[in-house]
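[1] One predicted model, sequence on top.
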Amino acid sequence: MKTGLSPKMKRNLARVAPFGIIHMVLGLFILFIQEAVTGNKNINPETSISLTLEVFVFAIIAVGCVGLLMGCIEIFWLGKLFQNRSLAKKIVYKMGFYLLFILAVIVLTYPLAASIELEVPPWDSLVLQKFMNFLLSMDFYSTLVSLVVSLFLSLFYLEISDNLGHGVLMNFFTGKYHKPVEEKRVFLFLDMKSSTTIAEELGHITYFELLKSYYSDFSDAIVAHEGEVYQYIGDEIVISWPFEAGIKNSNCIRCFFAMKDSLDAKTEAYRTKFGVVPRFKAGLHYGKVTTGEIGALKKEIIFTGDVLNTTARIQGLCNSYQADLLVSQRLIKALRLPAYLKPRDMGNTPLRGKEETVELFTVERQG
């Protein structure tokens with residue numbers, strides 16, 4: 001029986017968590033500034049809530065929960081609603097929606113905090129009077145501004161994370177690859193079949209729209225099998241795994257078939273919208289790479305090593321072998337394939353630019 005969270009759930013949690021963290025950290029910072037300026041005294045008792053231990057705990061939990069709730073709304077609904085908009089439009093539209101959400105949160109949480117301070121029920125007339133005073137005060141606007149700033153930072157973080165890739169952004173923050181490191185990784189080079197012919201038939205704009213749909217349909221399969229998109233190169237996508245993650249449960253092979261199933265499920269949709277159904281071929285191999293940050297005007301985390309050239313050349317032999325998938329013998333030996341996946345030896349072959357030959361396998365599903 002499988003235990004623990006799925007890779008997709010882990011990724012979603014990693015995307016939601018910054019909303020709660022940013023809101024809590026900024027809330028603590030603003031609270032510290034306010035208390036430092038006022039000398040920890042409530043100078044506006046008619047509108048402001050005195051900071052007791054109970055109020056402090058409630059405020060921090062409430063702010064964190066509000067941030068997490070916004071993150072869930074963003075990840076699971078609103079982000080998808082505006083995914084085809086520009087960055088500027090996304091921020092503006094979402095800020096409008098969340099402004100209404102924030103007002104609703106204030107209406108709900110302020111009376112609760114006031115009731116804790118005054119030690120009366122939230123519906124007591126004292127609480128209601130204080131709440132009305134608050135809505136007409138500068139304290140209300142400062143609270144609103146602090147929440148809006150927290151929201152803006154959260155949305156900006158998410159957009160940058162989605163553009164760079166969550167793992168890449170975290171690696172930049174942690175400085176994991178600030179100095180080059182050597183590591184062992186699995187690579188999958190995947191290339192669309194007959195892409196030149198398809199591009200000529202569709203024209204550049206329609207072909208680009210097809211590519212967007214094509215790559216989007218791979219997303220769930222890649223996430224579910226713990227893959228990381230390293231590069232999009234025209235009609236080619238390079239997916240990578242740390243070695244242990246790639247061979248665990250044969251993730252790298254199963255990812256290939258999951259992507260194939262994703263496209264097969266959309267056959268009619270592609271045929272209706274574009275008049276063609278894209279197919280692909282892929283090569284798989286593993287080896288050591290040097291990983292590190294590079295670039296002066298634009299920084300990237302890149303991999304260098306012979307394994308990338310070898311994997312690309314293995315993928316390039318798919319047409320010669322009339323196979324959709326070719327895997328190096330070295331990787332096949334490292335995997336424990338499930339019973340329904342059967343490797344078939346394709347023989348030894350020289351690779352362009354290399355002296356030694358490589359034994360290649362294809363993998364087929366049974367049943």
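    Everything's here; your move.
[2] pLDDT averaged over stretch 258-276 - what is it?
    Stretch 258-276 shows a mean pLDDT of 95 in the predicted model.
[3] Just the endpoints, please. Distance across that stretch?
    Separation of the first and last residues of stretch 258-276 by CA to CA, to the nearest Å is 20 Å.
[4] if we look at it, which residues are touching it?
    190, 198, 201-202, 206, 209-210, 213-214, 217-218, 220-222, 224-225, 277-280, 324 (CB atoms under 8 Å, 6 or more residues apart in numbering). (Each C-beta comes from the backbone N, C-alpha and C, glycine too.)
[5] and if we set it to 10 Å?
    188, 190, 194, 197-198, 201-202, 206-207, 209-210, 213-214, 216-222, 224-225, 227, 237, 239, 251, 277-280, 282, 324-325, 365 (CB atoms under 10 Å, 6 or more residues apart in numbering).
[6] could I have stretch 216-228 exported to CSV, CA atoms only?
    The C-alpha atoms that make up stretch 216-228 are tabulated as CSV, following Å, rounded to 0.1, in the frame of the first residue of the first chain:
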residue,chain,number,x,y,z
SER,A,216,0.3,21.5,-21.4
ASP,A,217,-1.1,18.0,-21.8
PHE,A,218,2.2,16.5,-20.6
SER,A,219,2.2,18.5,-17.3
ASP,A,220,0.2,16.0,-15.1
ALA,A,221,2.3,13.0,-16.3
ILE,A,222,5.6,14.8,-15.6
VAL,A,223,4.4,16.0,-12.1
ALA,A,224,3.0,12.6,-11.2
HIS,A,225,6.3,10.9,-12.0
GLU,A,226,8.5,13.5,-10.2
GLY,A,227,10.0,14.8,-13.4
GLU,A,228,11.5,18.3,-13.9
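[7] Report the distance from it to the chain centre.
    10 Å (CA atoms, centre = their mean, to the nearest Å).
[8] Quick check: buried residues in it?
    217-218, 221-228 (16 or more other CB atoms under 10 Å).
[9] And the contacts of stretch 258-276, which of them are buried?
    Of those, these count as buried by 16+ other CB under 10 Å: 188, 190, 198, 202, 206-207, 210, 214, 217-218, 221-222, 224-225, 227, 237, 239, 251, 278, 280, 282, 324-325.
[10] Can you flag which of the residues you listed belong to strands?
    Using DSSP state E, the members of the buried ones among the contacts of stretch 258-276 that fall within strands are 188, 190, 237, 239, 280, 282, 325.
[11] returning to that earlier point: could you single out the nearest of the buried residues of stretch 216-228 to Ser137?
    When the buried residues of stretch 216-228 are ranked by distance to Ser137 (CB to CB), Val223 comes first, at 46.3 Å.
[12] How confident was the prediction at that closest one?
    90.
[13] and the residue with the largest distance to the centre of the chain, what pLDDT?
    Computed with CA atoms, centre = their mean, the residue of the chain farthest from its C-alpha average is Ser125, at 46.9 Å. For Ser125, the pLDDT comes out at 87.
[14] what about it, distance to Leu118?
    Distance, Ser125 to Leu118, by CB to CB, to the nearest Å: 11 Å.
[15] before we move on, what about Gly64?
    24 Å.
[16] Ok, Glu293 next?
    Glu293 is 54 Å from Leu118, by CB to CB.
[17] what's the answer for Thr196, then?
    73 Å.
[18] Over to Lys333?
    For Lys333 relative to Leu118 (CB to CB), the value is 71 Å.
[19] okay, those two: which has more neighbours?
    Set side by side, Lys333 and Leu118 show more neighbours around Leu118, with 15 against 10, by other CB atoms under 10 Å.
[20] which residues in this protein form strands?
    181-192, 228-233, 236-242, 280-294, 300-304, 325-328, 341-350, 357-365.
[21] Where does pLDDT dip in the stretch 201-350 of the chain?
    296-298 (pLDDT under 70).
[22] Likewise for the stretch 1-150 of the chain?
    Across the stretch 1-150 of the chain (using pLDDT under 70), the flagged ranges come out as 1-4, 34-45, 47-48, 50-51, 84, 86-87.
[23] Walking through it, point out its helices one by one.
    According to DSSP state H, counting those that start in this stretch, the stretch 1-150 of the chain carries its helices in the segments 7-38, 53-73, 79-81, 87-118, 125-135, 138-164.
[24] mind giving me JSON lines with those and columns for distance to Glu300?
    Below are these laid out as JSON lines (distance: least, CB to CB, whole Å):
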{"stretch": "helix 7-38", "distance to Glu300": "21"}
{"stretch": "helix 53-73", "distance to Glu300": "27"}
{"stretch": "helix 79-81", "distance to Glu300": "25"}
{"stretch": "helix 87-118", "distance to Glu300": "20"}
{"stretch": "helix 125-135", "distance to Glu300": "48"}
{"stretch": "helix 138-164", "distance to Glu300": "9"}
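[25] Nearest to Gln315, out of the ones you listed?
    helix 7-38 (24.2 Å).
[26] quick revisit: how close does the residue farthest from the centre of the chain sit to Leu112?
    16 Å.
[27] what's the answer for Phe29, then?
    23 Å.
[28] any idea how far Ile49 is from Glu74?
    In terms of CB to CB, Ile49 sits 28 Å off from Glu74.
[29] Return the distance of stretch 342-362 from the chain's centre.
    35 Å.
[30] Alpha carbons of that stretch, as CSV, please.
    Listed next in CSV are the C-alpha coordinates belonging to stretch 342-362 (Å, rounded to 0.1, in the frame of the first residue of the first chain):
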residue,chain,number,x,y,z
LYS,A,342,8.9,-5.5,-21.1
PRO,A,343,12.3,-4.4,-22.5
ARG,A,344,13.3,-5.6,-26.0
ASP,A,345,16.9,-5.6,-27.1
MET,A,346,17.5,-3.6,-30.2
GLY,A,347,21.2,-4.4,-30.5
ASN,A,348,24.4,-2.5,-30.4
THR,A,349,24.8,0.7,-32.4
PRO,A,350,27.5,3.4,-32.8
LEU,A,351,26.5,6.9,-31.8
ARG,A,352,27.5,9.8,-34.0
GLY,A,353,30.8,11.4,-32.8
LYS,A,354,31.5,8.5,-30.4
GLU,A,355,33.9,5.6,-30.7
GLU,A,356,32.2,3.1,-28.5
THR,A,357,28.9,1.4,-29.3
VAL,A,358,25.8,1.6,-27.1
GLU,A,359,23.3,-1.3,-26.6
LEU,A,360,19.8,0.0,-26.9
PHE,A,361,16.4,-1.3,-25.8
THR,A,362,12.8,-0.3,-26.4
